[in-house]
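K.L.:
my questions are about this predicted structure, shown below with the sequence.
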Amino acid sequence: MDSSTTFPVVDVAGPPARRGRQYGAQARVRIHRSITAYERVFAHYAGWDWSTVRQHAGRFARAVDEFAPASLAEIRGIAEGAGVAFEDILALNTRSEIMFAARPGAPPVSECTSFAVLPDRSATGTTVVGQNWDWLLHSAQTATVLRVRRDDGPSFVTLVEAGLLAKVGMNAAGVGLCTNTLISDGEEGRIGVPYHLLLRAVLDSASGAEAVDVISKADRALSANYLVADDTGFAADVETAPRSDGARRIDPEHGQITHANHFRVTELTGEDRYVRNKPHTLVRLRNVTDSLTNLLKPDIDGLKATLADHRDQPSSVCQHPNETVHPRERTATIAGVIMDLSRREFHFASGQPCTAPWQQLADIPQ
C-alpha cells in the first residue's frame with residue numbers, strides 16, 4: 001500500500017483470482033472493518049444478523065456468475081486473501097440489494113452529487129467528470145483507492161469501500177464513471193445483476209458507448225444512475241430501474257451533465273421514493289448545476305470548489321454529519337473525486353472537499 005495518501009492505495013495485477021487474492025491480502029484490515037460495520041448496519045436497520053445477510057447474498061451468486069464469471073472469481077480471490085468467507089465478500093458487493101430485501105421501504109441513506117463537463121466547456125478542452133461520494137460514516141475508515149493492472153481488459157483505478165469491485169473511477173481506455181443511487185417504486189433489490197457489478201462492468205468497457213449498452217441490456221437488480229463518459233468527448237447519463245425496459249439515456253445540455261439522487265426521467269417510476277424521503281436531492285442538483293453553469297470555463301480548481309459547496313446546509317453538495325440523526329444513520333461526504341479522462345488525471349479528497357487536501361494519484365494504469 002501507498003502510505004502517502006489518507007486512503008490507502010492498493011495495487012493489484014494478473015488474472016482475476018490472483019488480483020482478488022492480492023486485493024484481499026493488502027486490504028485485509030479494512031475489509032474486516034467493513035464486514036463488522038455492515039453487520040451493525042443490518043442489525044440496526046432490519047434486525048438481520050450477519051448469517052442471514054450472507055445467506056441472502058448467496059442468492060445473487062448465479063446472476064453474478066452468468067453476467068461476469070471473472071468478477072465472481074475475483075470475489076472468491078478477495079475472500080481468500082482477506083481470510084474471510086466467499087459469502088462475506090459477496091455480501092459487501094450486494095449490500096445495496098440486501099438493504100432493500102432486509103427492510104423494504106427503508107429511508108435512503110446514499111447521497112451523491114455528480115457531474116460531467118465536455119471538452120467545449122472545460123478549461124483544458126478535455127472531458128472531466130467528478131462527484132462527491134456521500135455514505136455512512138464508517139466508510140471513511142474502509143475507503144480504498146484500488147489500482148488494477150491487467151491483460152484481460154482495460155486497467156483501471158477506482159475509489160471503493162474495501163472488498164468491493166468498483167465504484168467511481170476511470171480506465172486506461174479513457175472511460176470514466178460516476179454514479180448515484182436512485183429508488184423507484186418497482187421491485188428494488190430483486191435477484192438480478194447487482195449494482196456494484198454493473199459499476200465494474202463500466203470500467204471493463206472499451207468505450208463509453210459500450211458501457212452504456214452493457215448497462216441498458218443487463219437484468220438489473222436495482223435502480224441506479226450511471227454517468228459515463230470517455231476521452232473522445234462522449235458523455236451520457238443512464239438512469240435505470242429494475243425492469244427490462246427500465247433504462248433511459250440523458251444527453252449533455254450546454255456541454256455538461258449533472259445529477260443527484262432522483263429520477264430526471266419521470267416515466268421510470270410512479271413515485272420517486274428518494275424524493276419522498278429526502279427532497280434535498282432536488283436542492284443539490286439545482287446547486288451543482290448552477291455552480292457549473294456559472295463557471296465560464298471550468299478548471300480543476302473550480303470543480304473542487306463546486307464539490308465544496310455548503311449552500312442550503314444540511315442539504316448541501318458537501319455534506320457533514322447531522323447530529324440529530326441516529327449515529328448508525330448519519331451520512332457525510334466521504335470523498336470527492338475529479339477525473340480528467342483525456343489527461344488520465346485522478347484527483348481525490350479523502351474526506352469533505354471543503355477541508356480535506358486534494359491529492360492527484362500518480363502512475364495511473366495505462
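P.N.:
Received, thanks.
K.L.:
what's the helix or strand harbouring residue 359 in contact with?
P.N.:
Using DSSP states H and E, residue 359 falls within strand 358-360. With contact meaning CB atoms under 8 Å, 6 or more residues apart in numbering, strand 358-360 is reached by 5-6, 304, 336, 345-350. Where you see a C-beta, it was placed from the backbone N, CA and C, and this is true even at glycine.
K.L.:
try it again with 10 Å
P.N.:
With CB atoms under 10 Å, 6 or more residues apart in numbering as the test, strand 358-360 has contacts from 4-7, 9, 145, 300-301, 304, 307-308, 336-338, 340, 345-350.
K.L.:
quick one: distance of it to the chain centre.
P.N.:
19 Å (CA atoms, centre = their mean, to the nearest Å).
K.L.:
for that strand, buried residues please.
P.N.:
Using 16 or more other CB atoms under 10 Å as the test for burial, strand 358-360 gives 358-359.
K.L.:
likewise for stretch 38-50?
P.N.:
38-39, 41-43, 45-46, 48, 50.
K.L.:
could you do stretch 277-290 as well?
P.N.:
Buried residues in stretch 277-290, counted by 16+ other CB under 10 Å: 278, 280-285, 287-289.
K.L.:
pretty sure residue 223 sits against residue 192.
P.N.:
No. Using CB atoms under 10 Å, residue 223 is not in contact with residue 192; the gap is 11.3 Å.
K.L.:
below-threshold pLDDT in this protein: ranges please.
P.N.:
When residues are selected by pLDDT under 70, those of the chain lie in 1-5, 105-109.
K.L.:
show me it divided up by domain.
P.N.:
14-102, 111-360 (automatic domain parsing).
K.L.:
circling back: where do the contact lists of residue 223 and residue 192 overlap?
P.N.:
Listed as contacting both residue 223 and residue 192 by CB under 10 Å, 6+ apart are 242-243.
K.L.:
the more surrounded of these two?
P.N.:
residue 223 (30 against 21; other CB atoms under 10 Å).
K.L.:
can you get me a residue count around the nearest residue to that one once chain neighbours are set aside?
P.N.:
Closest residue in space to residue 223, ignoring its immediate chain neighbours: residue 182 at 4.1 Å, by CB to CB, 6 or more residues apart in numbering. Residue 182 has 28 neighbouring residues, counting by other CB under 10 Å.
K.L.:
would you check that residue 182 makes contact with residue 266?
P.N.:
No. The criterion here is CB under 10 Å, and residue 182 misses it with residue 266 at 11.8 Å.
K.L.:
which residues do the two both contact?
P.N.:
Going by CB under 10 Å, 6+ apart, residues that sit against residue 182 and also against residue 266 are 239, 272.
K.L.:
run the chain-centre distance for the stretch of helix or strand residue 41 belongs to.
P.N.:
Using DSSP H and E, residue 41 sits within helix 28-46. Computed by CA atoms, centre = their mean, the chain-centroid distance of helix 28-46 equals 18 Å.
K.L.:
could you export that helix as PDB, CA atoms only?
P.N.:
C-alpha atoms of helix 28-46 as PDB (Å, rounded to 0.1, in the frame of the first residue of the first chain):
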ATOM      1  CA  ARG A  28      -7.400  -7.200   4.900                       C
ATOM      2  CA  VAL A  29      -7.800  -4.800   7.900                       C
ATOM      3  CA  ARG A  30     -10.200  -2.500   6.100                       C
ATOM      4  CA  ILE A  31     -12.200  -5.500   4.700                       C
ATOM      5  CA  HIS A  32     -12.700  -6.900   8.200                       C
ATOM      6  CA  ARG A  33     -13.600  -3.500   9.400                       C
ATOM      7  CA  SER A  34     -16.200  -3.100   6.600                       C
ATOM      8  CA  ILE A  35     -17.800  -6.500   7.400                       C
ATOM      9  CA  THR A  36     -18.100  -5.600  11.100                       C
ATOM     10  CA  ALA A  37     -19.600  -2.200  10.200                       C
ATOM     11  CA  TYR A  38     -22.300  -3.700   7.900                       C
ATOM     12  CA  GLU A  39     -23.100  -6.300  10.400                       C
ATOM     13  CA  ARG A  40     -24.100  -3.500  12.700                       C
ATOM     14  CA  VAL A  41     -25.900  -1.600   9.900                       C
ATOM     15  CA  PHE A  42     -28.100  -4.500   9.000                       C
ATOM     16  CA  ALA A  43     -28.800  -5.300  12.700                       C
ATOM     17  CA  HIS A  44     -29.900  -1.700  13.200                       C
ATOM     18  CA  TYR A  45     -31.900  -1.200  10.100                       C
ATOM     19  CA  ALA A  46     -33.600  -4.600   9.800                       C
END
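K.L.:
beyond it, next helix or strand please.
P.N.:
helix 50-57.
K.L.:
helix, strand, or coil at residue 324?
P.N.:
coil (DSSP: H, G, I helix; E, B strand; the rest coil).
K.L.:
and it, what is it in contact with?
P.N.:
For residue 324, the contact set (CB under 10 Å, 6+ apart) comprises 314, 330.
K.L.:
likewise residue 257?
P.N.:
Residue 257 is in contact with 114-118, 129, 178, 227-229, 235-237, 250-251, 264, 289, 292, counting by CB under 10 Å, 6+ apart.
K.L.:
in helices, which of those residues fall?
P.N.:
289, 292 (DSSP state H).
K.L.:
strands - which of the contacts of residue 257 land there?
P.N.:
Among the contacts of residue 257, the members falling in strands are 114-117, 129, 178, 227-229, 235-237, 250 (criterion: DSSP state E).
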